[in-house]
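**Q** Sequence and predicted structure are below.
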Amino acid sequence: RDEEQRLVVTPDTGLVLILIPGGRTTIGAVPPGPLAPLGGPQVDRLANAVEGPLQEVELAPYFISKYPMTQGQWLRLEGNNPSYNQPKRAADVSIDLRHPVENISWYETVAALRKLDLELPTEAQWEHAARAGTTTPWWTGAERESTQGAGNVADLTAQKFAANHGWDCEDWLDDGYYLHAPVGSFRANAFGLHDVIGNVFEWCRDIYGFYGRVPLRPGDGLRLWSANTGRTARGAGFSSRLDWHRSSQRANFQPDFKNPYLGVRPARNIRP
């Protein structure tokens, strides 16, 4: 810890789990309409069809990692570092083992976490933890400007790098990173979680499916069935604009998919 007793992440830091309170929670977002006035809870002009309708579920308390899993933590667990952007490969930028692990498939992630008696959070658990009691598009507020200092997204620094990569960047925001940043570099939400805005996408346990068609399991909010074969990821990454970093935004990847923007935030249900 530093002089103010704040946690300091080092290459050797282990996972830090936070107890998230349970209770009735609502996930998703809907666009403004006659029955959903702008400014109402989880009414978002950027919401798309796969973010609604709103779904309620009763969640039990659970643990989730304060940060995305780091490259150092994965290396100690698995004996290798699969990350595309890692210390050995990053010639033009400083990257160390405090950065989030990435380039891992859903299958690989589930198998690795099982060794620690951990698991992926469900979508409901992830969004509940990311919102930390808020109902606005970002946990920081309803306006893009509120996200300043809260996450690593495609910004002015990335714009210099992204010209040859097709990234669409925010032209008013500069977080200082064009690749992922060391975990915990940006301010935390009210539950104490860092990097739920940006840095890397984070795998969730659920099979990807449309809201409203399948109920969510009380307790952990797991989607019980879907005809889809994809898995859900949340949070978005350093190459995405702020639209993708809203608390309700969802991504759909095949479980064997991996890329430099996709990592994991471990979780654990409370068991007797």
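**A** Right, received. Where do you want to start?
**Q** In contact with the residue nearest the centre of the chain: list those residues for me.
**A** Nearest residue to the geometric centre of the chain (CA atoms, centre = their mean): Gly235, 3.1 Å. Gly235 makes contact with Trp126, Ala130, Asp195, Val196, Ile197, Gly198, Asn199, Val200, Phe201, Glu202, His245, Arg265 under the criterion CB atoms under 8 Å, 6 or more residues apart in numbering. No exception for glycine: its C-beta is placed from N, CA and C like everyone else's.
**Q** give me that answer again for 6 Å
**A** Val196, Phe201, Glu202 (CB atoms under 6 Å, 6 or more residues apart in numbering).
**Q** Would you check that Ala130 makes contact with Ser248?
**A** No. Look at Ala130 against Ser248 with CB atoms under 6 Å: they stay out of range, at 9.2 Å.
**Q** returning to that earlier point: excluding chain neighbours, what is closest to the residue nearest to the centre of the chain?
**A** In this structure, Gly235 finds its nearest non-sequential neighbour in Glu202, 4.6 Å apart by CB to CB, 6 or more residues apart in numbering.
**Q** Would you mind pulling the contact partners of the helix or strand containing that neighbour?
**A** Glu202 belongs to strand 201-207 when assigned by DSSP states H and E. Under the criterion CB under 6 Å, 6+ apart, residues 106, 109, 120-123, 126, 223, 226, 228, 232-237, 251, 261-265 lie in contact with strand 201-207.
**Q** Can you select the buried ones among those for me in ChimeraX?
**A** Burial among the contacts of strand 201-207 is assessed by 16 or more other CB atoms under 10 Å; the matching ChimeraX selection reads:
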select :106,109,120,121,122,123,126,223,226,232,233,234,235,236,237,251,261,262,263,264,265
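**Q** The contacts of strand 201-207 in helices, which ones?
**A** Counting by DSSP state H, the part of those found in helices is Trp106, Thr109, Glu123, Trp126.
**Q** Could you identify the most distant pair in those residues?
**A** Using CB to CB, the pair of these lying farthest apart is Thr109 and Glu123, separated by 15.0 Å.
**Q** what ranges do the strands span in the stretch 1-150 of the chain?
**A** 17-20, 23-27, 55-59, 62-65 (DSSP state E, counting those that start in this stretch).
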